[in-house]
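Asks: Pasted the sequence and its predicted model underneath.
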Amino acid sequence: MAGHRGPGIGASEEPFPKSEGSILSDDRLDRQQRFETDVQPHFKGLYASAYRMARNVRDAEQLVQETFLRAHLALDRLQPGSNTRAWLHTILQQVRTDDWRRRSQPVAPDEHQPAASQPSGDLLAPLDVEQALACLPETYRSAVLLRDIEGFSYQEIADILGIALGTVMSRMHRGRALLRAALAGKNS
Amino acid sequence: MSCDPERVTGYVDGELAPDERAQLETHLPTCAACSAQVAEERSLRARLRSLPQPEPRPALEARLRQGLAPRGRSRLAAWLALAAVLLAGLAWSRGSATLVGVQLARDHRHCFSAHTLPAQIWSNQVDVLRAFFEKRGTRLPPLPSGAAGLELVGARFCGLLDRPIAHLYYSAESKRLSLFVVPEPVRLDGPYTLRALGQHVRLRRVAGQAVGLVADNEEDLAAFERSFDHSLALFGGPEVPPAR
């Protein structure tokens, strides 16, 4: 339910500790302040995306930690007024890709994708939305999640995933078609 | 115009150029298939948007706070942290059994403290897990699917100092045991026992491969190892592949 969405980090909790002493330079204080204002409010949303990618708590936590670490290091490259949420999602995708390369294999749950070779039109047990999403091949899942759950525009999705604008539309179409088929209990 | 299902998707998302959109809006009342696609995609989008949002564990927020908070002596702290990593790396490269044991204890505790075990593959069949790991370049020694009441439930690759190692989970009602296949080099002349982070660790070789066993309870570990050795002695391991 949408009501589960909570405020960002810092909104319901104490702000991050400012400093341990007075040795911090103004630059570093500014930077930290910017991180708290611009980046931290996206913590919960980013975790939710990471969890939907990884589908287990441990990997989702690692993805978010690495994303925040990289965002912290690269904060100077974030232009004031630019789209921080899209920027964080771009980093998250990079972290995910690097993680795959490191493992040189997709995470195991993706091995349970519906077999593409089955003839279309077969009736299967209908899945619920979460199950259907989990079965969706990663290529389509990332596009559908970024659009339908995160609400990004096609252009933003193209930038985040590093793909052409036209590819976004075709992935959206194919992804939704596969989801509809899974929800209806059909192969497609 | 003829039907173009991809363009219908673009229409649902409000991503068409004004002229394309006008064309499609003329086409829709005349085409049942495209109209149905619009309705179904809108309904799907509403269902996706109403999914509950996964919530992070409070511990993650705390860890991020700790890790990213600025510190006065950051440069010194960074150097010290780097030095610690280098030292650990050096110890690892020389295969220190103690260091390996502590890492295994930490990983055992980490995995078993998760809300659900973070297995990448769930199975109680050694053959299934063997195929999973072999496909990814890790050979498993002969292993039992259960011993001393503990049953194999699943496995994953864990990263220990950036080296992926096979971590197999055994559990019973209240007992938990981890079996790690430790990559070489590891200095291990004979079985090595260690107590670290409240866990009992046993490093030894099985069919030439270094293996780490970790359990919360010393008796569980000893019983598992006895039963394991017994089956190895009898059959060369219950799941041992035929001699080549």
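Replies: Right, received. Where do you want to start?
Asks: alpha carbons only for contacts and neighbour counts from here, please
Replies: Noted.
Asks: Now do the domain split for the chain, please.
Replies: Using chain A here. With domains defined by automatic domain parsing, chain A comprises A:25-107, A:120-188.
Asks: You answered for a different chain; I wanted chain B.
Replies: B:5-49, B:94-235.
Asks: what's the least confident stretch among the ones you listed?
Replies: Out of these, domain B:94-235 stands lowest, with a mean of 86 (criterion: mean pLDDT).
Asks: Show me how far that one is from its chain's centre.
Replies: 13 Å (CA atoms, centre = their mean, to the nearest Å).
Asks: Buried deepest among the domains of chain B, which one?
Replies: Stretch with highest mean neighbour count among the domains of chain B: domain B:94-235 (a mean of 18; mean count of other CA atoms under 10 Å in any protein chain shown).
Asks: Is chain A within reach of that domain?
Replies: Yes - judged by CA under 8 Å from any CA of the partner chain, domain B:94-235 comes into contact with chain A at B:114, B:118, B:120-121, B:136, B:164.
Asks: B:Pro144: what secondary structure?
Replies: coil (DSSP: H, G, I helix; E, B strand; the rest coil).
Asks: That one touches B:Val126, doesn't it?
Replies: Yes - in this structure, B:Pro144 is within contact of B:Val126 by CA atoms under 8 Å, at 7.2 Å.
Asks: Show the residue spans covered by the helices in chain A.
Replies: A:26-34, A:43-54, A:57-73, A:84-103, A:129-135, A:138-144, A:154-161, A:165-184 (DSSP state H).
Asks: Next, the buried residues of the fourth one.
Replies: By neighbour count, and taking 16 or more other CA atoms under 10 Å in any protein chain shown as the criterion, the buried residues in helix A:84-103 are A:84-96, A:99.
Asks: Looking at those residues, which is nearest chain B?
Replies: Using CA to the nearest CA, A:Asp99 comes nearest to chain B of the buried residues of helix A:84-103, at 11.3 Å.
Asks: okay, that closest one: pLDDT?
Replies: 79.
Asks: and it, what is it in contact with?
Replies: If you count contacts by CA atoms under 8 Å, 6 or more residues apart in numbering or on different chains, A:Asp99 has none.
Asks: How much space separates the residue nearest to B:Ser123 when sequence neighbours are not counted from chain A?
Replies: In space, and not counting its chain neighbours, B:Ser123 is closest to B:Gly154: 5.0 Å by CA to CA, 6 or more residues apart in numbering or on different chains. Using CA to the nearest CA, to the nearest Å, we find B:Gly154 at a distance of 12 Å from chain A.
Asks: pretty sure B:Gly154 belongs to a helix, no?
Replies: No - using three-state DSSP, the secondary structure at B:Gly154 is strand, not a helix.
Asks: re the thing from before, just the residues of domain B:94-235 next to chain A: which are in strands?
Replies: Those of the residues of domain B:94-235 next to chain A mapping onto strands are B:121, B:164, per DSSP state E.
Asks: Out of the residues of domain B:94-235 next to chain A, the closest to chain A would be?
Replies: Using CA to the nearest CA, those come closest to chain A at B:Gln120, 5.1 Å.
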